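Undergrad: Structure, please.
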Amino acid sequence: MINIQKLKDWFTPSKQRIILLIAVFVMAIFLFKDCGRTNNDDQITQMEQNIAAYKDSLHKERNKVGEWQYKHAVLASTNKTLEEQNSELAAEVEKQKGKVIYLSKINVQLNQTIDSLMNTPDNPGSITVNPNDDGSQDVNWKYAKDYGDGNSRYMEGTAKIVFRNDTSITKTYISPNGDTIKLKIPLIDEDSVLVSIPIDKMNVKLVTGLERDKKDDVLRIFVRSEYPGFNVTNIEGAIIDPQKDELIKSYFPNKRWVIGPVIGGGFDGDLKPTIFVGAGITFKLISF
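TA: Residues are numbered from 1 along each chain as shown. The predicted structure is shown next:
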């Protein structure tokens, strides 16, 4: 059972002043701690991220649905420090007209083989031959391959074949009837053959983004594509002062209203210091 008299003894004016001073001191500690977090704690977080970026290596792993993707940790930087961290990325920032928040450079290699080309019932007209007035022939070819999901390859080319004048070889064949057949086959002038590929189009669907790995709490760039032979050889990237951008901050407005326990101090009607403890709704006028 609570002793009312002892409880009243705790709330004498002198003890109220002491409790009030303690409460103000504790509140000041939390206030300065929250204000200091922006500089000290954020700098530590950036340092940890950058150490991870320098130690990290390009690696390949599957995402949740089993798709292969390449990943590498990103640098956490400022406009002042990016030149020291990565001069190539800093040079790319200088090329932009607007404020750069995030950028990356990705080197990709495509290891691909072209299927054999010939006219078939399913693909007629892949190869056509046009004779020219000078005795040469143009062998025209087309290649089209749809890999699905926005990935495709289309090529067109021509090989101009020129034959040597009055130069040929004789081949002898035996027909099924036993007759001997001699054919003169003209030789191709290799020095006059012209091969051109005027069209070579590739549609490559590339998915990239920035994610925080749950396993080590590090920000990493991820890149993937379903294009055959897709291979990433290098990834570099940096996030630059995102917390200072007004547009980004507008997407994440500070919460002004807070619901929860409240402790504070003040003065009563007789101008005596007093403290209060309870619960309620608080509106923040200033935040750090």
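Undergrad: hey, let's count contacts and neighbours off CA atoms from now on
TA: Will do.
Undergrad: any weak-confidence spans in the protein?
TA: 1-40, 255-288 (pLDDT under 70).
Undergrad: all helices of the stretch 51-200 of the chain, in order?
TA: For the stretch 51-200 of the chain, the helices defined by DSSP state H, counting those that start in this stretch occupy 82-85, 87-95.
Undergrad: Of all the ones you listed, which one is nearest Asp42?
TA: helix 82-85 (16.6 Å; Cα to Cα).
Undergrad: mind checking how far that closest one is from the chain centre?
TA: 20 Å (Cα atoms, centre = their mean, to the nearest Å).
Undergrad: Put the alpha carbons of that helix into PDB.
TA: What follows is helix 82-85 as a C-alpha-only set of coordinates in PDB (Å, rounded to 0.1, in the frame of the first residue of the first chain):
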ATOM      1  CA  LEU A  82      34.300  12.200 -54.400                       C
ATOM      2  CA  GLU A  83      37.400  13.400 -56.300                       C
ATOM      3  CA  GLU A  84      39.600  11.700 -53.800                       C
ATOM      4  CA  GLN A  85      37.500   8.500 -53.700                       C
END
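Undergrad: Pick the most deeply packed of the helices of the stretch 51-200 of the chain.
TA: Greatest average neighbour count among those goes to helix 82-85 (a mean of 15), per mean count of other Cα atoms under 10 Å.
Undergrad: contacting residues around Asn203?
TA: Neighbour list for Asn203: Gly150, Asn151, Ser152, Arg153 [criterion: Cα atoms under 8 Å, 6 or more residues apart in numbering].
Undergrad: List the buried residues for stretch 69-81?
TA: Gln69, Tyr70, Lys71, His72, Ala73, Val74, Leu75, Ala76, Ser77, Thr78 (16 or more other Cα atoms under 10 Å).
Undergrad: now the end-to-end length of it.
TA: Start-to-end span of stretch 69-81 (Cα to Cα, to the nearest Å) is 29 Å.
Undergrad: now what about it, what contacts it?
TA: The contact list for stretch 69-81 (Cα under 8 Å, 6+ apart) reads 46-47, 49-50, 52-53, 56-63, 85, 218-225, 232, 235-241.
Undergrad: related to what we said a few turns ago, now distance to Phe163 too, for the buried residues of stretch 69-81, in CSV please.
TA: Listed next are those as CSV, based on distance: Cα to Cα, whole Å:
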residue, distance to Phe163
Gln69, 51
Tyr70, 51
Lys71, 54
His72, 55
Ala73, 59
Val74, 59
Leu75, 61
Ala76, 64
Ser77, 64
Thr78, 66
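Undergrad: can you redo the contacts of Asn203 as TSV with neighbour count and distance to Leu183?
TA: Below are those laid out as TSV (neighbours: other Cα atoms under 10 Å; distance: Cα to Cα, whole Å):
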residue	neighbour count	distance to Leu183
Gly150	13	50
Asn151	17	47
Ser152	17	44
Arg153	16	40
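Undergrad: want to throw these into TSV with distance to Leu110?
TA: TSV is the format used below for the contacts of Asn203 (distance: Cα to Cα, whole Å):
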residue	distance to Leu110
Gly150	16
Asn151	12
Ser152	13
Arg153	12
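Undergrad: Now intersect these with the strands, please.
TA: Among the contacts of Asn203, the ones falling in strands (DSSP state E) are Asn151, Ser152, Arg153.
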